[in-house]
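Student: Have a look; sequence and predicted model below, questions after that.
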Amino acid sequence: ESGAGKTETAKYYVRQILRLAHSSVSDTPMKSTSALEQHILDINPLLEAFGNAKTVMNSNSSRFGKYLEIKFGSSSQIKGARIADYLLEKSRVVHRNAGERNFHIFYYLLNGCDSQSERESLQIAPVHNFHYLGGLPVHLSSKDSLIRLAELNPEGAPAAQ
């Protein structure tokens with residue numbers, strides 16, 4: 001069911017797994033995460049920007065699946081993670097149903113400039129100039145935008161919230 005909370009539930013599962021892994025190697029409750037744990041948490045909004053789109057049923061609908069594999073060391077500490085995506089709805093790039101939008105990332109890239117002079121220096125045209133984005137201006141509301149390009153830290157991962 002669209003909008004049932006599958007993506008949000010998965011985020012809670014990942015946070016809980018990280019907490020359990022942290023508590024198994026430390027006697028203190030998890031108050032802060034390691035850099036690796038934080039990167040695992042931070043990558044999700046960026047992936048969603050590439051794989052989510054507005055549909056008639058849901059303004060932030062996942063149009064892809066992802067498999068997150070967290071790798072643990074012998075003492076239950078996190079050693080790494082790997083993410084595989086699958087079933088990306090590639091047809092959405094060139095065709096959408098009425099009332100739907102393309103993947104969020106396209107709109108974030110085109111709306112990420114702070115000023116008109118920055119837009120001109122980067123030669124970024126307005127959203128309505130792009131047929132694949134529907135040819136209409138799009139205003140991103142706080143409800144349907146998960147990340148803003150300005151919130152990215154220098155390493156390219158979304159900033160912690």
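Tutor: Right, received. Where do you want to start? Residues are numbered from 1 along each chain as shown.

Student: What's the mean pLDDT across the helix ranked longest in the chain?
Tutor: For the chain, the longest helix by residue count, based on DSSP state H, is helix 6-25. In this model, helix 6-25 has an average pLDDT of 83.

Student: Same check on stretch 117-133?
Tutor: On average, stretch 117-133 scores 86.

Student: Check which residues of it are buried.
Tutor: Neighbour counts over stretch 117-133 (16 or more other CB atoms under 10 Å) mark 119, 127, 133 as buried. For every residue, glycine as well, the C-beta is placed using N, CA and C.

Student: count of neighbours near residue 108?
Tutor: Close neighbours of residue 108, defined as other CB atoms under 10 Å, add up to 20.

Student: after the one helix or strand it maps to comes which helix or strand?
Tutor: For residue 108, the element it lies in under DSSP states H and E is helix 104-111. For helix 104-111, the following helix or strand on the C-terminal side (DSSP H and E) is helix 116-121.

Student: show me the contacts for residue 54.
Tutor: By CB atoms under 8 Å, 6 or more residues apart in numbering, residue 54 lies in contact with 60, 61, 100, 101, 104, 144.

Student: Sorry, slip of the keys, the one I care about is residue 125.
Tutor: residue 110.

Student: I'd like the distance between it and residue 80.
Tutor: 40 Å (CB to CB, to the nearest Å).

Student: cool, residue 13 as well?
Tutor: Counting by CB to CB, the gap from residue 13 to residue 80 is 18 Å.

Student: what's the answer for residue 89, then?
Tutor: Per CB to CB, residue 89 is found 28 Å from residue 80.

Student: Pretty sure residue 21 sits against residue 72.
Tutor: Yes: at 6.5 Å, residue 21 and residue 72 qualify as touching, with contact defined as CB atoms under 8 Å.

Student: Now the common contact residues for the two.
Tutor: Joint contacts of residue 21 and residue 72 (CB under 8 Å, 6+ apart) are residue 78.
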